[in-house]
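>>> I need the structure of the sequence given here:
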Amino acid sequence: MTLTATYSFEFDGQVFGGTGSPYQILSVDGLEGLPSIRNQDDNRGYNDGMFTGQDFLSGRQISIIFQTFASPGFSAQTNFNTIQQALLPQTTGTAPLYFKLPPIAGDQFINARVRGLRTTIDPNYTYGFITSQVDFFCPDPRYYDTTLQTASMVVSNPPGRDYDRTYNLEYGFGTYSTTTTINNAGWAETYPTITVTGPITNITLGNTTTANYLNLSGTITNTDSLVVDLYNKLITLNGASARNLLSSGTWFGAAPGNSLYYLTGLNTTPGLTAATVTWRNAYI
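Numbers count the residues shown, from 1 in each chain. Predicted structure coming up:
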(Lines give C-alpha, C1' and ligand atoms only; values in the text may rest on other atoms or scores of the structure.)
Protein backbone atom coordinates (compact mmCIF):
# COMPACT_ATOMS: atom_id res chain seq x y z
CA MET A 1 0.00 0.00 0.00
CA THR A 2 1.39 3.43 -0.96
CA LEU A 3 -0.29 6.52 0.43
CA THR A 4 0.01 9.66 -1.66
CA ALA A 5 -1.18 12.32 0.78
CA THR A 6 0.35 13.38 4.10
CA TYR A 7 -1.92 12.92 7.13
CA SER A 8 -3.73 10.06 5.44
CA PHE A 9 -4.54 6.60 6.78
CA GLU A 10 -5.56 3.29 5.24
CA PHE A 11 -7.22 0.29 6.82
CA ASP A 12 -8.65 -2.77 5.07
CA GLY A 13 -8.18 -1.13 1.68
CA GLN A 14 -10.05 2.06 2.59
CA VAL A 15 -8.08 5.33 2.54
CA PHE A 16 -9.25 8.18 4.73
CA GLY A 17 -7.73 11.58 5.29
CA GLY A 18 -5.52 13.64 3.01
CA THR A 19 -6.22 16.25 0.35
CA GLY A 20 -9.38 15.61 -1.66
CA SER A 21 -10.64 12.78 0.54
CA PRO A 22 -14.30 12.76 1.65
CA TYR A 23 -12.94 11.71 5.06
CA GLN A 24 -11.19 14.49 6.99
CA ILE A 25 -9.03 13.57 10.00
CA LEU A 26 -9.78 15.87 12.93
CA SER A 27 -7.50 14.30 15.54
CA VAL A 28 -5.44 11.18 16.22
CA ASP A 29 -4.77 10.21 19.82
CA GLY A 30 -2.47 7.42 20.99
CA LEU A 31 -0.28 6.99 17.92
CA GLU A 32 2.52 9.36 18.88
CA GLY A 33 4.16 8.94 22.28
CA LEU A 34 4.53 5.96 24.58
CA PRO A 35 1.77 3.42 25.17
CA SER A 36 0.82 2.39 28.68
CA ILE A 37 3.54 0.72 30.74
CA ARG A 38 3.14 -2.68 32.41
CA ASN A 39 5.25 -2.79 35.55
CA GLN A 40 6.17 -5.44 38.07
CA ASP A 41 6.51 -3.09 41.04
CA ASP A 42 5.35 -4.48 44.37
CA ASN A 43 4.65 -3.16 47.86
CA ARG A 44 7.40 -3.28 50.47
CA GLY A 45 5.13 -4.99 52.97
CA TYR A 46 5.06 -3.09 56.27
CA ASN A 47 7.63 -0.55 55.01
CA ASP A 48 7.22 2.63 53.04
CA GLY A 49 7.77 2.63 49.30
CA MET A 50 7.78 -0.16 46.73
CA PHE A 51 10.12 -2.72 45.24
CA THR A 52 10.89 -1.76 41.64
CA GLY A 53 10.35 -4.50 39.09
CA GLN A 54 10.75 -4.56 35.34
CA ASP A 55 8.81 -2.24 33.05
CA PHE A 56 7.27 -3.47 29.78
CA LEU A 57 5.28 -1.78 27.03
CA SER A 58 1.58 -2.55 26.97
CA GLY A 59 -0.65 -2.59 23.91
CA ARG A 60 -1.39 0.70 22.20
CA GLN A 61 -4.84 2.32 21.98
CA ILE A 62 -5.41 4.64 19.01
CA SER A 63 -8.49 6.84 18.57
CA ILE A 64 -9.13 8.70 15.32
CA ILE A 65 -11.85 11.33 15.07
CA PHE A 66 -12.85 12.10 11.50
CA GLN A 67 -15.62 13.74 9.49
CA THR A 68 -17.29 12.29 6.42
CA PHE A 69 -18.48 14.58 3.61
CA ALA A 70 -20.17 14.24 0.27
CA SER A 71 -18.00 13.79 -2.82
CA PRO A 72 -18.80 14.08 -6.56
CA GLY A 73 -21.55 11.56 -7.24
CA PHE A 74 -21.79 10.33 -3.66
CA SER A 75 -23.66 11.65 -0.63
CA ALA A 76 -22.05 11.87 2.80
CA GLN A 77 -24.20 8.95 3.97
CA THR A 78 -23.04 6.82 1.02
CA ASN A 79 -19.40 7.58 1.76
CA PHE A 80 -19.99 6.85 5.43
CA ASN A 81 -21.52 3.47 4.60
CA THR A 82 -18.42 2.69 2.57
CA ILE A 83 -15.99 3.41 5.37
CA GLN A 84 -18.11 1.57 7.92
CA GLN A 85 -17.58 -1.62 5.91
CA ALA A 86 -13.80 -1.23 6.35
CA LEU A 87 -14.02 -0.55 10.08
CA LEU A 88 -15.63 -3.77 11.25
CA PRO A 89 -14.35 -5.58 14.37
CA GLN A 90 -12.16 -8.63 13.87
CA THR A 91 -12.62 -11.93 15.67
CA THR A 92 -8.90 -12.74 15.70
CA GLY A 93 -5.63 -11.30 14.52
CA THR A 94 -4.76 -7.82 13.33
CA ALA A 95 -4.49 -5.92 10.06
CA PRO A 96 -2.05 -3.15 9.07
CA LEU A 97 -3.16 0.40 9.77
CA TYR A 98 -1.05 2.40 7.28
CA PHE A 99 -0.32 6.08 7.72
CA LYS A 100 1.81 8.87 6.32
CA LEU A 101 3.03 11.59 8.69
CA PRO A 102 5.59 14.36 8.03
CA PRO A 103 8.49 13.18 10.25
CA ILE A 104 9.14 10.11 8.03
CA ALA A 105 9.42 10.31 4.24
CA GLY A 106 7.80 6.93 3.53
CA ASP A 107 4.70 5.08 4.67
CA GLN A 108 4.51 3.35 8.03
CA PHE A 109 2.08 0.93 9.64
CA ILE A 110 1.00 -0.53 12.95
CA ASN A 111 -0.83 -3.83 13.36
CA ALA A 112 -4.30 -3.06 14.68
CA ARG A 113 -7.83 -4.28 15.13
CA VAL A 114 -11.03 -2.24 15.41
CA ARG A 115 -12.44 -2.04 18.92
CA GLY A 116 -15.04 0.70 18.51
CA LEU A 117 -16.83 3.01 16.07
CA ARG A 118 -19.09 5.78 17.36
CA THR A 119 -20.94 8.38 15.31
CA THR A 120 -22.73 11.52 16.48
CA ILE A 121 -26.20 12.02 15.02
CA ASP A 122 -27.02 15.73 15.20
CA PRO A 123 -28.02 18.54 12.78
CA ASN A 124 -24.56 18.39 11.18
CA TYR A 125 -25.17 14.71 10.39
CA THR A 126 -28.38 15.68 8.59
CA TYR A 127 -26.56 18.32 6.55
CA GLY A 128 -23.81 15.93 5.45
CA PHE A 129 -21.09 16.54 8.06
CA ILE A 130 -20.83 13.19 9.85
CA THR A 131 -18.46 13.10 12.84
CA SER A 132 -17.19 9.70 13.99
CA GLN A 133 -14.55 8.18 16.25
CA VAL A 134 -12.89 4.84 15.48
CA ASP A 135 -10.86 3.07 18.17
CA PHE A 136 -8.03 0.66 17.35
CA PHE A 137 -6.24 -1.75 19.66
CA CYS A 138 -2.65 -2.62 18.77
CA PRO A 139 -1.25 -5.62 20.72
CA ASP A 140 2.24 -4.75 19.42
CA PRO A 141 2.73 -1.07 20.33
CA ARG A 142 5.56 -0.61 17.81
CA TYR A 143 4.99 0.88 14.40
CA TYR A 144 7.14 0.03 11.41
CA ASP A 145 8.40 1.25 8.06
CA THR A 146 6.66 -0.53 5.20
CA THR A 147 10.03 -1.22 3.51
CA LEU A 148 11.25 -4.74 4.31
CA GLN A 149 15.01 -4.94 4.97
CA THR A 150 16.97 -8.07 4.01
CA ALA A 151 20.42 -9.48 4.80
CA SER A 152 22.01 -12.85 4.08
CA MET A 153 24.22 -15.15 6.16
CA VAL A 154 26.07 -17.51 3.81
CA VAL A 155 28.02 -20.45 5.18
CA SER A 156 31.65 -20.51 4.03
CA ASN A 157 34.48 -23.00 4.46
CA PRO A 158 35.70 -23.45 8.05
CA PRO A 159 39.13 -22.11 8.99
CA GLY A 160 41.90 -24.67 8.89
CA ARG A 161 43.70 -26.77 6.31
CA ASP A 162 42.40 -28.95 3.49
CA TYR A 163 43.87 -32.42 2.95
CA ASP A 164 43.51 -34.79 0.00
CA ARG A 165 42.98 -37.76 2.28
CA THR A 166 39.73 -38.75 4.04
CA TYR A 167 39.85 -39.77 7.68
CA ASN A 168 37.29 -41.35 9.99
CA LEU A 169 37.78 -38.47 12.40
CA GLU A 170 36.40 -34.93 12.23
CA TYR A 171 38.80 -32.09 12.84
CA GLY A 172 38.38 -28.35 12.93
CA PHE A 173 35.95 -25.84 14.12
CA GLY A 174 32.70 -26.70 12.35
CA THR A 175 31.27 -24.48 9.65
CA TYR A 176 30.27 -20.90 10.10
CA SER A 177 28.80 -17.90 8.33
CA THR A 178 30.16 -14.44 8.01
CA THR A 179 28.76 -12.05 10.58
CA THR A 180 25.92 -10.05 9.04
CA THR A 181 24.99 -6.51 10.05
CA ILE A 182 21.34 -5.91 10.85
CA ASN A 183 20.74 -2.17 10.78
CA ASN A 184 17.58 -1.05 12.59
CA ALA A 185 17.20 2.63 11.67
CA GLY A 186 14.26 3.08 14.05
CA TRP A 187 14.38 3.87 17.76
CA ALA A 188 12.69 0.73 19.13
CA GLU A 189 13.88 -2.86 19.17
CA THR A 190 12.72 -4.89 16.18
CA TYR A 191 12.43 -8.66 15.88
CA PRO A 192 13.54 -10.14 12.55
CA THR A 193 12.47 -13.37 10.88
CA ILE A 194 15.27 -15.77 9.90
CA THR A 195 14.80 -18.36 7.13
CA VAL A 196 17.41 -21.13 6.99
CA THR A 197 17.99 -23.38 3.98
CA GLY A 198 19.99 -26.59 4.37
CA PRO A 199 21.84 -28.78 4.40
CA ILE A 200 22.86 -28.10 8.00
CA THR A 201 22.86 -29.99 11.30
CA ASN A 202 22.54 -28.60 14.84
CA ILE A 203 21.97 -24.93 13.98
CA THR A 204 23.00 -22.00 16.12
CA LEU A 205 21.53 -18.58 15.34
CA GLY A 206 22.97 -15.74 17.35
CA ASN A 207 23.42 -12.03 17.94
CA THR A 208 27.03 -11.25 18.86
CA THR A 209 26.04 -7.73 19.93
CA THR A 210 23.92 -9.05 22.82
CA ALA A 211 25.64 -12.47 23.17
CA ASN A 212 22.25 -14.20 22.86
CA TYR A 213 21.69 -17.25 20.68
CA LEU A 214 19.33 -20.13 19.90
CA ASN A 215 20.48 -23.75 19.53
CA LEU A 216 18.32 -25.90 17.24
CA SER A 217 18.93 -29.64 17.14
CA GLY A 218 18.41 -31.91 14.14
CA THR A 219 19.23 -31.86 10.45
CA ILE A 220 17.80 -29.56 7.79
CA THR A 221 18.19 -30.89 4.22
CA ASN A 222 18.70 -28.85 1.07
CA THR A 223 14.96 -29.14 0.30
CA ASP A 224 13.85 -27.93 3.74
CA SER A 225 13.00 -24.41 4.84
CA LEU A 226 13.28 -23.53 8.52
CA VAL A 227 11.68 -20.25 9.62
CA VAL A 228 12.45 -18.66 13.01
CA ASP A 229 10.05 -15.82 13.92
CA LEU A 230 11.86 -13.92 16.68
CA TYR A 231 8.89 -11.70 17.55
CA ASN A 232 6.27 -14.42 17.99
CA LYS A 233 8.88 -16.95 19.17
CA LEU A 234 7.74 -19.44 16.56
CA ILE A 235 9.76 -22.05 14.69
CA THR A 236 8.35 -23.77 11.60
CA LEU A 237 9.85 -26.39 9.30
CA ASN A 238 8.31 -26.55 5.82
CA GLY A 239 5.28 -24.69 7.17
CA ALA A 240 4.67 -26.98 10.16
CA SER A 241 5.37 -26.15 13.81
CA ALA A 242 8.87 -27.23 14.86
CA ARG A 243 9.34 -25.59 18.25
CA ASN A 244 10.60 -28.98 19.50
CA LEU A 245 13.86 -28.32 17.61
CA LEU A 246 14.80 -25.60 20.10
CA SER A 247 17.22 -27.16 22.58
CA SER A 248 18.60 -24.14 24.43
CA GLY A 249 19.33 -20.43 24.26
CA THR A 250 17.68 -17.04 24.69
CA TRP A 251 15.41 -15.31 22.17
CA PHE A 252 16.81 -12.05 20.83
CA GLY A 253 15.92 -9.06 18.67
CA ALA A 254 17.77 -6.19 17.02
CA ALA A 255 18.19 -3.01 19.04
CA PRO A 256 18.28 0.42 17.35
CA GLY A 257 21.49 0.75 15.37
CA ASN A 258 23.63 -2.16 14.22
CA SER A 259 23.44 -5.75 15.46
CA LEU A 260 25.70 -8.56 14.28
CA TYR A 261 23.92 -11.86 13.49
CA TYR A 262 25.51 -15.20 12.66
CA LEU A 263 24.67 -18.80 11.68
CA THR A 264 26.71 -21.88 12.58
CA GLY A 265 26.19 -25.61 12.20
CA LEU A 266 27.63 -28.93 11.04
CA ASN A 267 27.45 -30.88 7.78
CA THR A 268 26.88 -27.78 5.68
CA THR A 269 27.55 -27.12 2.00
CA PRO A 270 29.37 -23.80 1.46
CA GLY A 271 27.52 -21.70 -1.09
CA LEU A 272 24.28 -23.64 -0.56
CA THR A 273 23.64 -23.52 3.18
CA ALA A 274 22.46 -20.03 4.09
CA ALA A 275 20.04 -17.93 6.09
CA THR A 276 18.04 -14.86 5.10
CA VAL A 277 17.19 -12.26 7.74
CA THR A 278 14.25 -9.92 7.13
CA TRP A 279 13.15 -7.05 9.36
CA ARG A 280 11.58 -3.61 9.41
CA ASN A 281 12.78 -0.47 11.17
CA ALA A 282 10.73 -0.13 14.36
CA TYR A 283 9.52 2.89 16.33
CA ILE A 284 7.65 3.51 19.55
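>>> what's the burial count for Arg38?
12 (other CB atoms under 10 Å). (Glycine included, C-beta is placed from N, CA and C.)
>>> and it, what helix or strand is that in?
strand 37-39 (DSSP states H and E).
>>> tell me which strands the helix or strand following that strand pairs with, and in which orientation.
Counting by DSSP H and E, the next helix or strand C-terminal to strand 37-39 is strand 42-43. With DSSP bridges as the test, strand 42-43 is paired with strand 50-51 (antiparallel).
>>> contacts for the strand it pairs with next, please.
For strand 50-51, the external contacting residues (CB atoms under 8 Å, 6 or more residues apart in numbering) are 41-44.
>>> can you check stretch 182-190 too?
Against stretch 182-190 from outside (CB under 8 Å, 6+ apart): 142, 144-145, 149, 151, 192, 253-261, 277, 279-284.
>>> state which helix of this protein is the longest.
Ranked by number of residues, the top helix in the chain under DSSP state H is helix 76-86.
>>> so who does Gly116 touch?
Contacts of Gly116 by CB under 8 Å, 6+ apart are 133-135.
>>> can you pull the buried residues of the longest helix of the chain?
The neighbour-count check on helix 76-86 (16 or more other CB atoms under 10 Å) flags 76, 79-80, 83, 86 as buried.
>>> and stretch 102-112, by the same measure?
107-112.
>>> before we move on, what about stretch 63-75?
Buried residues in stretch 63-75 (16+ other CB under 10 Å): 63-70.
>>> what's the domain layout of the chain?
Domains of the chain are assigned by automatic domain parsing as 8-145, 149-283.
>>> thinking again about what came up before, can the buried residues of helix 76-86 go into CSV with extra columns for distance to Asn232 and pLDDT?
Listed next are the buried residues of helix 76-86 as CSV, based on distance: CB to CB, whole Å; pLDDT from 0 to 100:
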residue, distance to Asn232, pLDDT
Ala76, 41, 96
Asn79, 37, 96
Phe80, 36, 96
Ile83, 31, 95
Ala86, 26, 93
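>>> from those, pick the one nearest Pro22.
Asn79 (4.5 Å; CB to CB).
>>> go ahead and confirm that closest one touches Pro72.
No: using CB atoms under 8 Å, Asn79 is not in contact with Pro72; the gap is 10.9 Å.
>>> so what's the residue count around Thr223?
9.
>>> Ser248 now?
That count, for Ser248 with other CB under 10 Å as the rule, works out to 10.
>>> so where's the chain uncertain?
1, 157-176 (pLDDT under 70).
>>> the biggest strand by length in it: partners in the sheet, and parallel or antiparallel?
Among the elements of the chain assigned as strand by DSSP state E, the one spanning the most residues is strand 108-120. Strand pairing for strand 108-120, using DSSP bridges, gives strand 95-100 (antiparallel), strand 130-138 (antiparallel), strand 143-145 (antiparallel).
>>> can you list the residues that contact the shortest one?
Read that as strand 143-145. So strand 143-145 is contacted by 31, 104, 106-110, 185-186, 190, 280-284 (CB under 8 Å, 6+ apart).
>>> which positions in that strand come out as buried?
By 16+ other CB under 10 Å, the buried positions in strand 143-145 come out as 143-145.
>>> and for the residue nearest to Leu230 when sequence neighbours are not counted, the neighbour number?
Nearest non-adjacent residue to Leu230, counting by CB to CB, 6 or more residues apart in numbering: Tyr191, 4.2 Å away. Using other CB under 10 Å, Tyr191 has 19 neighbouring residues.
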